[in-house]
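> Have a look; sequence and predicted model below, questions after that.
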Amino acid sequence: MVEITGQSSTPGTGGNTIDVNNPLYIHPSDNPSLILVPVSFEGVGYRSWRRGVMRSLSGKNKLGLITGEFKRPSSISPQFHQWERCDNMVISWILNSLSKDIADSVEYVSDAVELWKEIKDRYDQTNGAKLFKSKKISMI
């Protein structure tokens, strides 16, 4: 687990500064309606979609929120509300990159790690027979 601190003091300034390298920093231009990838995931091409989302989140220094590297702090931690706000932002971004049907089916997850795992469990089919079976069942 990575320790995440809120603000860092800059020597000689006597005050706190915002640490833009903190994974919980949210840039003023970031908002819940942001689109991470140009095409919504419709259930086909999971690995390409996944790669695009991971690149976008990495560029925003938010990849650790889906990998579990930046774990939910205790509810009494000074970073809890900042972490929760950032996690909700990442959830919104991922939901915006999914088709409406898929987004509706996963929107009640508790955090970004759970959302990412749920999508992976459903769509990262490496076994051809398993993929065929899931598509056959969905057609019934």
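Nice, I can see it. Numbering: from 1, shown residues only.
> Quick check: buried residues in the helix or strand where residue 103 lies?
Here residue 103, judged by DSSP states H and E, is contained in helix 100-106. Neighbour counts using 16 or more other C-beta atoms under 10 Å place 102-103, 106 of helix 100-106 among the buried residues. Placement of C-beta: from N, CA and C, glycine included.
> Check stretch 28-41 too.
Buried residues in stretch 28-41 (16+ other C-beta under 10 Å): 36-37, 41.
> which one of those is nearest residue 57?
Nearest to residue 57 among the buried residues of stretch 28-41 is residue 36, at 7.0 Å by C-beta to C-beta.
> Chain neighbours aside, what residue packs nearest to that closest one?
residue 56 (4.0 Å; C-beta to C-beta, 6 or more residues apart in numbering).
> For that neighbour, give me its contacts.
Contacts for residue 56 (C-beta atoms under 8 Å, 6 or more residues apart in numbering) come out as 36-37, 93.
> contacts for stretch 83-96?
4, 23-24, 26, 30-36, 53, 56-57, 62, 65-66, 70, 72-73, 77, 103, 106-107, 109, 111-112, 115-116, 119.
> Could you tell me how far residue 35 is located from residue 71?
27 Å (C-beta to C-beta, to the nearest Å).
> Sorry, wrong one. I was asking about residue 83.
9 Å.
> for the chain, which spans come out with low pLDDT?
1-16, 126-140 (pLDDT under 70).
> Work out for me the element the most centrally placed residue in it sits within.
Centroid-nearest residue in the chain: residue 90, 4.1 Å away (criterion: C-alpha atoms, centre = their mean). Secondary structure assigned from DSSP H and E places residue 90 in helix 80-96.
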